[in-house]
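**Q** when you get a sec, could you give me coordinates for this:
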Amino acid sequence: LAVHIQTSRALMVISLLLGFFGIIVSVVGMKCTKVGEEDPVTKSRIAVAGGVLFVLSGLCTLAAVSLYATQVTYEFFRESSVPINARYEFGSALFIGWGAASLTMLGGSLLCCSCPAKARQGQQYYRQSQPSTAREYV
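**A** I've put the predicted structure just below:
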């Protein structure tokens, strides 16, 4: 096979592995699971690590799909003896790949946003002594 196809294939395999490990790490880091640490700060840091893995997976997918699209564009506009109607064009798989890369990076960035701020780590929430409707405003 051509070098750009082998490179795209390797990037997609790396992307699949990163996504698989991202799923495992993210599930461990979710607050609703009992796996791992009970500390919410540690669990949110684990979730952020899963988000980073998802972002890296999306970047690998984006690189693989864009590399192949660049090669298709180069082949299309290159002067060759192949007639225009027999040349490669962008297929639906490229658009699905770009969409998947975008959604994976969006999901990973949302997981990365779950990192607790340093000011909130020791903050505790207390219930109000009276409901807000019972207060008198003067």
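
**Q** list the buried residues of the lowest-mean-pLDDT helix or strand in the chain.
**A** Every helix and strand in the chain was compared by mean pLDDT, DSSP states H and E; the lowest is helix 40-77, with a mean of 91. Residues 43-44, 46-66, 68-69, 71-72 are the ones in helix 40-77 that count as buried (16 or more other CB atoms under 10 Å). (Each C-beta comes from the backbone N, C-alpha and C, glycine too.)

**Q** repeat that for stretch 98-112.
**A** Across stretch 98-112, burial judged by 16+ other CB under 10 Å covers 98, 100, 101, 104, 105, 107, 108, 111, 112.

**Q** now those as a markdown table including pLDDT, secondary structure and distance to residue 85?
**A** Shown next, in a markdown table, are the buried residues of stretch 98-112 (pLDDT from 0 to 100; DSSP: H, G, I helix; E, B strand; the rest coil; distance: CB to CB, whole Å):
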| residue | pLDDT | secondary structure | distance to residue 85 |
| --- | --- | --- | --- |
| 98 | 95 | helix | 25 |
| 100 | 96 | helix | 29 |
| 101 | 96 | helix | 30 |
| 104 | 96 | helix | 35 |
| 105 | 96 | helix | 36 |
| 107 | 95 | helix | 40 |
| 108 | 95 | helix | 41 |
| 111 | 91 | helix | 45 |
| 112 | 90 | helix | 46 |
